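J.: Whatever this is, show me its structure:
(8 chains, ligands or ions: 3)
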Amino acid sequence: MNPFTPSAPTPFASAPGPTVRAVHDEFHGDLLEVSMGPQHPSTHGVFRMVATLDGEQLVKLKPVFGYLHRNHEKIAENTTYLGSMPYTDRLDYLCSMSTNWAYALAVERLAGQAVPERAQYLRIIMAELTRLVNHSCLVGFLFNDLGTSFTPLLYAFREREKIIDLFESLSGSRMMCNYQRFGGCRVDPTPEWLAAAQQLVDNFPRFLDEYERMLTGNEIMLARTQGVGRLDATHAINAGITGPVLRASGVDYDLRKVDAYGFYAQFDFRVPLGAHGDTYDRYMMRILEMRESVKILQQAFKRLPAGPIMDPKAKLRGFRPKAGEAYGRLEGPKGELGFFLISDGSPNPYRYRVRPPSLINLTLLEEMCLGHTIADAVVILGSIDIVLGEVDR
Amino acid sequence: METLEQIRARLLLAYPAAQITFVTNPGPAAEHSLLIEATHAVEIARWLRDDTALHLDYCSNATGVDWPDKTITDVATTTEPDPAGGPAKTVETKTTRLQPGYLEAIYHLYSIALKQGPVVIRLRTANRTDAVTLPSLTPIWRSCDFQEREIFDLYGIIFSGHPDLRRLLMWDEFKDHPMRKDYVEPDDYEWEPTAHGAVLERAKPHQSAAAAPALKTGGTP
Amino acid sequence: MLGSGIINGLIVTAKNFAGSYHDPERMVTVEYPEQKTVLPENYRNFPFLITENATDPMGTLRCVACQICEKECPPQCIIIEKSKDKKPDATGKLQLYPAIFGIDTSVCMSCQICVEVCPFDAIKMDKVFEIATTDRFQDLFLDRERLAKPNSYYHEIHPVEAAEVDGRLLAERKAAEEKAKVAAAAKAAAAAAKPVVTPPPATP
Amino acid sequence: MLGSAAAAMLLRNLIHSALLLILSWASVAAFYLWAGAEFAAFAQILVYVGAISMVVLFAVLLTRQNQVADVVIEPASRKRATTALTVGACLAGILSAAVVASRFPAAAVTAPATTVKLIGLELMERHGAALLIIGVILTVALIGATLLAATEAKRNPEDAP
Amino acid sequence: MHDHPYAFLALFLGVAIAFPLIMLGLAGLWVKCFQPAKPGVLKNATYECGLEATGDSWIQFKAHYYLYAILFLIFDVEVLFLLPFAVAFTSLSAGPLFAMLVFILLLAEGLVWSWQRGYLAWK
Amino acid sequence: MTPLHLCLLISSGLFCIGLTGALARSNTILVLLGIELMLNAANLNFIAFWRFGPAPSPANGMIFVLFAIAVAAAEAAVGLALIIAVYRHQKNIRLQEANTLRG
Amino acid sequence: MSAAALTDSFLERAPLALRDWVVNFLPAPLQWLGHHLITIIAVLAVFGTFFAFTTIAERKLLARLQNRLGPNRSGLPWIKGLTLFGLSQPFADAIKTLTKEDIVPAAADKCLHFLAPVIVVAFSLMTFAVLPFGRHLIPVELDAALLYFFAAGAATELAIFMAGWSSRNKYSLLAAMRALAQLISYELPLILSVVPIVLVTSTLSTQNIVLAQGGWTFGFLPHWFVFTPWGFPAFIIFLVAALAESNRSPFDLPEAESELIAGHLTEYSGFKYALFFMAEYFGLTALSGLGVTLFLGGWQAPIAALQFIPSYAWFMLKLIGMLVFFIWIRGTLLRLRIDQLTRLAWQFLVPLALLNVGNAAFWILTASWSGPLQLIRWAISLAIIVIPFILLGRTLTAGYAPRTYRYAP
Amino acid sequence: MSDPVTSPTPFPAAGNISDAEREDLRRHGILMTSLEELHNWGRSNSIWPLQFGLACCAIEMIAAATARFDIARFGAEIFRPSPRQADLMIVSGTVTKKMAPQVIRLWNQMPEPKYCIAMGACAISGGPFKQGYNVLKGIDRFIPVDIYIPGCPPRPEALLNGLIQLQKQIKAEQLTGPNAARFTRPEEPSEFPIPAYGAHDLVPTKNDALWAPPTPEAKA
Ligand code: SF4
Ligand code: SF4
Ligand code: SF4
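T.: Numbering: from 1, shown residues only, chains lettered A, B, ... in the order given. Ligands and ions are numbered 1, 2, ... in the order given. Down below sits the predicted model:
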């Protein structure tokens, strides 16, 4: 089902500037301009929202970016292609594996580099494990924003540690895996590693069940999230929102299906879709996607072929793709993660651009928050799932 | 999906006055693009979005690129008949000309409705100094909002028609556009024990005293 | 009914509470300074330089100051200055050695690229992470002396990898010796002079 | 009690005034306690400190805009203040003189043993009608006050942010 | 001085107030002896997430729950009558019981009324 | 002086302060609070006569105080609601200007 | 009293005897003063320590809920290698906060900023005065003790308002308003939940209420009010309201971290902050104590055979049980929004509490029913409360339900 | 302490007490030292960090608070969101120039005694991002740092290790005497100037009173 109808009115054709929703008002008071962030317990880093409040209600909300602008693109344009790989770890520091892959994907497109089958499978395994990490952490953080005293977050991190341990024993670092290379992967996992990973994946639904039992049916949770931060499909598409946030609004768009990059076409998994586009749907999208990821992982472990993990023609040093440009994108845990590269034939990319899902998913933050209370704004932000390393780069 | 040439043809039918150039991409990815002249950009973009066959309802990526001025050396070979009557001499005249630089905004368009794409369109400014205005595509695709602000911030392209064109990443008092190729970074490398290469150049003035102790720790065995 | 979801939540937390006393799956705390998690073989923190011989670390650095790692290091945190003279390396070839080799660990991003690009297996990743300090300038710039660690240490922290590397080096050395022998024989046959420089034995 | 009441009436800062008044109400309660009227004392605290104070604070916070311009300096209001002061002082003099001058029949030496139960019985058995009237008054007050406070205000255009 | 029935409460209040004061005094003493207070313009500036505080927070506040405050006030008074009634309940005759019933119903009606009008819903 | 005298003196003092405040201040909230103070003074008298007066009835004074408190509460609720209603139209809580109020 | 009471009488009276013994050393005219002062200081000392251990217990229990260990290595100064399981942690915190610099923001209302923590501690302490800790241990017996308790409790939220408003910080101001909203919403259900007990016991005195809960059916079914069809709902309402009154999760809106930084505490540092912290725990303990007194039989032993354990020990045990429950709640639940908070109070708790008053009245009026009528009495009584509970619960959660999801074709 | 030459070391190294210091100790008397010890014990066991994360390192900081590593064992799990109640600022992540004034302001708003840990390469020196135009090359250019924890990111254990070192440092602090701790000395500043946003860079780019690169003599 596609919500888009060709004759749909142009959303935000007029200036989508500051919109002050007419707040139903009994005692209108002075407006209070409150800054949430950059140092704030629930802006997930150094994000800042300038909220204008009427009582507890938001009448205006302006995001302010750049507090973590680390000049990633500029640095990458002064570094070799390989040298940027560890930097991509630090873009979305919760899911370095899929960011690595997105970059590798773009470079491989740029250079016309092939990737062996086993490496493709390994990439899918890593990406889906990363999705588990990201989504479980996100859900934990979301509940923190909802006001639990860390318990769900800590349970989530307990599970995350297990996956992180896997990453560490494979790639050497807990968070900054630096695992993908142009034309393959860096390390081949041992059979013990694969067995451990498989066991973890098999146990993961148990954790999810417990988690859902604890929180999904909780009345407070339902009341806090259902109907909060509605986002309708037309606006979401127009604002370039991607990933679980888009699918929560009911749009069937998952790059794993659409682009079928890697070997995703060979996997059997479903794409969950929401109907209301509210915070609860966004939360449930994550939970359901984790369940689907588990399915993908189990298939991948079963079918993982033997073979090399690097294309023999791949070059580590002295890598100079031909002049040209390429845009590579994949379905990151947060949405469409793209890399746009222009090569002029030199060892450094001429233009290196990251299409950050976190930043673009924030486009409609204000519209989603208006009319809600300040407490909801925090939750809505949490449900969008941003990571500042990627927002500001 | 239609090829880019077909799209271009249809576009030219719809907007005969518009200048639409086909830009080839020589790399293996072969993602070609359409260069669209600024005056018609908004209409063309709206057409691309609303056209039922294309339905490019989703602008994934908007980015800026800086192409600085280039000196291009043309070698013209002329054959001059030798006045002395000998064999005609080929004379190579080298003329250097300045190819003016420009700033470019590139948009990657996809269709979520029809699950197709990408169509890449690019807009170019006249130069890099004073004529850096391009029409904003935010009214067409809201997703360009932050991205165009970012391009404005980092490249200095002014998007006319953008609802809220402010710096996105740097502070408002900041004067430069740091992603341009000729941007000079602030000199704050006071201490750099491992300076070399490009860093060394910048760190040199500060190095003489500071880095010495670190370097001294080497020594021969 | 209203409240059932809340009671479910309470049951889950109660289970976890009870589990934290008897279930190692749930009680995952590692009491750090006393207990330590076993670092996996692949763990990496900062690079170190391999010396063949623990007694003469500076004399037996494997590094030949080719400066590849310096160039490839993404944040440019390695500094190398070539020596003026040459020393024989593990395979017996006369090589340059680094007169200055420094890594600024306050910049290093532990990316392991230097290790990957080094053609001589001279630089490897260390596992030490308890290096908090009060003095950034004195303690965090590691010079040659502090970077050099014997091969035996490498075997200790990365046994599998080190064995593989040593095997490869041994093969290479054998091949080199063979070649040298052939060359020497050829030379001897030709001139019958000039002694062969024997390499220092590598510490296992 | 008197001091805080007087200060409350004098202070410029409305919040301070309100808080001081709460203090003076609390001390009235203490006075009741001294007099042995336990139930009345706690009732006083509960209603005045716990509830009326809330409404007052809300009212102050909802209408803060003019608090700075609450003028005593303006000639008109200064005149008023002086008149009020004289009236108050005169009345105070007259009343205290009257009190001092009057003789009362001998007071009961011990406090009447009043338990809550007794109050309840008295209240219900003898003042049932009064109770009902109070009930009506309260309900009417409730409805009236909510209606008053909740009537839709016309939003002035310049209020828009 | 003699033992007044409520002297205990007065004393308790005194001690209860003195207790935090003494603790704060101790803290002040420590500051005086060992740890000079170092106030400063920057340090004593109002906190606002690390930014410079802008605007005044003492504004005219909009509170939807003013209606709740009124409700609360009225019901608080009701409780005031309810409590003595409750205490006397077991020894009351039917008439007063009926009076109280009417009293409570009257007020409950007020609650229902405001509920119906939507005043209890936060908008 | 008997305790009764003392009580009455205090209550008359309170009453006068309330009166002065109610008359002197131009802020309607304060006027209302002044009136509350006067009510309190009256309550004080109830208690005083109940406790120290002749031939006390066991609970009468107290019950009167209860009633008075109830009435005071109702008065405060309505009064403050009125002030707020006026304020909303007028953006002003000063007494003098309140009479210029129309719808 | 049973035979066991003979053995316990000494333990029961020991604290009183100790006090009287000390007071004897004072000159006669001052004895009453000493008598009171010793009581007060004893209350302060006991609950001061209790506070300290509550904080560490909370940290450890929360840690365990979250599969952690919690503070466990504070030990003691001067002695190395001792950890004491981290039990000395609160004292370390106390020393630290006592010696921390005290910052008063330049813009703040200095006077109120100073007064707020003092008042909040003072009044949360005051509520202890009427709690019967044991058979003979009650600081002061008041005829209107319950009313006193609520009156004293009302002042604490006022202090929170003062703290928030005087800080002149935006987050604090929002917190102050929330504190007011919370007070006006939950004071009422709290009091109303108690009225049934007053109806049944015909007294406002806490000690008498506890006495009314004495006795057992068959020697092991205690006559606590929580085991009656009107007492249990009242207890639940009381619990919810108590959580809200003491600003505990899920009602900790005034210091909602994820929205308002630290709410009204944002600008408090050093010991003033600790005072607020202390007051929160005092308030929580006092309310738990009241809950124990009213519903859980106060200091009464749960089983007749266990009466030999002194009554104050039972009180403390039940108190600890209540606190553990509160900590458990805190470790599990998420925070309500301010509108939901007021809605829960006014559209759910208040009507339910009012109905419950009627329920109790019914219970009294049918006290004479027995035999099969007794069962009918239970059934009616339960119906009076359960049906509205379900109906009101429906309206409260109308529109909220777990959903099922579809997948892309 | 950022300048190893001019400022005295913050605490005497253990087992390295000079005669003057010993004399000092005697003058203090046993009471003073035990007070000191009590004070230091309290503070070192109750370090409440500011809840404040900048970048990737912050995730590891959070991880240090989670079940696996449990910073609570040291009494340091009370992450306070308001600087007014915090004792320790863990600068965990990249300090950009846009963020630097905020970090410094937060530091200023913390009450004494306060400590600062620079966690990760970025906080120490700008780390991998030091070539960026918007990245501050070390937070110690503006505020004094007590402990540096290198790594990118440092493992949670490394943070715990840093915390233990900080505890040791606190335990060695003195209240009086020539080596008295920073917070006891009236002349030591407790707040630091906040740079302004300039047209190209922060103005000034560093706090000259606080930070100077090492000079050749420092090594000798
Ligand atoms: S690990 Fe990476 S950053 Fe560190 S020295 Fe090696 S190449 Fe450079
Ligand atoms: S470490 Fe390796 S790459 Fe680096 S200079 Fe030495 S030999 Fe060359
Ligand atoms: S040091 Fe490394 S991990 Fe830490 S913030 Fe910087 S880049 Fe991220």
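
J.: contacts and neighbour counts: CA atoms only from here.
T.: Noted.

J.: helix or strand right after the helix or strand bottoming out on mean pLDDT in chain D?
T.: Least confident element among the helices and strands of chain D, by mean pLDDT, DSSP states H and E: helix D:2-10 (a mean of 67). Sequence-wise, the next helix or strand downstream of helix D:2-10 (DSSP states H and E) is helix D:14-34.

J.: what residue is smack in the middle of chain C?
T.: C:Lys124 (2.1 Å; CA atoms, centre = their mean).

J.: mind checking pLDDT for that one?
T.: The score at C:Lys124 is 88. That number is its pLDDT.

J.: try G:Thr7
T.: 48.

J.: What of the one 3 residues further on?
T.: Looking at G:Phe10, its pLDDT reads 71.

J.: May I ask you to confirm that it belongs to a strand?
T.: No: using DSSP: H, G, I helix; E, B strand; the rest coil, the assignment for G:Phe10 is helix, not a strand.

J.: Which positions in the helix of greatest length in chain C come out as buried?
T.: Ranked by number of residues, the top helix in chain C under DSSP state H is helix C:159-190. Buried positions in helix C:159-190, judged by neighbour count with 16 or more other CA atoms under 10 Å in any protein chain shown: C:162, C:166, C:169, C:173, C:176-177, C:180, C:184.

J.: Could you do stretch C:11-25 as well?
T.: C:12-14, C:16-20.

J.: And those residues, which two are furthest apart?
T.: C:Val12 and C:Ser20 (12.2 Å; CA to CA).

J.: touching chain G at all, the longest helix seen in chain E?
T.: The longest helix of chain E (DSSP H) is helix E:7-33. Yes: Helix E:7-33 reaches chain G (CA under 8 Å from any CA of the partner chain) through E:8-9, E:11-13, E:15-17, E:19-21, E:23-24, E:26-27, E:30-31.

J.: what's the pLDDT at residue 27?
T.: Just so you know, I chose chain A. pLDDT recorded at A:Phe27 is 47.

J.: That was the other one, I meant chain E.
T.: 84.

J.: What of D:Arg80?
T.: 67.

J.: what are the ranges of the helices in chain B?
T.: For chain B, applying DSSP H gives helices covering B:4-14, B:41-50, B:144-155, B:197-210, B:212-216.

J.: Dihedrals phi and psi, the residue at the greatest distance from the centre of chain E?
T.: Largest separation from the mean C-alpha position in chain E: E:Phe34, at 38.3 Å (CA atoms, centre = their mean). Torsion angles at E:Phe34 (phi, psi; degrees, to the nearest 10) stand at phi -120, psi -30.

J.: For the residue nearest to it when sequence neighbours are not counted, give its distance to G:Ala304.
T.: Leaving aside its chain neighbours, E:Phe34 sits nearest to H:Thr184 (5.9 Å; criterion: CA to CA, 6 or more residues apart in numbering or on different chains). Distance of H:Thr184 to G:Ala304, computed by CA to CA, to the nearest Å: 60 Å.

J.: How about A:Phe339?
T.: 75 Å.

J.: more neighbours, the two?
T.: A:Phe339 (23 against 20; other CA atoms under 10 Å in any protein chain shown).

J.: a strand runs through that one, doesn't it?
T.: Yes: counting by three-state DSSP, A:Phe339 is part of a strand.

J.: Grab the nearest non-local neighbour of it.
T.: A:Val354 is the one closest to A:Phe339 (CA to CA, 6+ apart), at 4.7 Å.

J.: Poorly predicted segments of chain F, please.
T.: Flagging of chain F using pLDDT under 70 yields the residue ranges F:1-3, F:26, F:52-59, F:88-103.

J.: do the longest helix along chain D and chain F meet?
T.: As assigned by DSSP H, the longest helix anywhere in chain D is helix D:75-101. Yes: using CA under 8 Å from any CA, helix D:75-101 reaches chain F at D:77, D:80-85, D:87-89, D:91-92, D:95-96, D:99-100.
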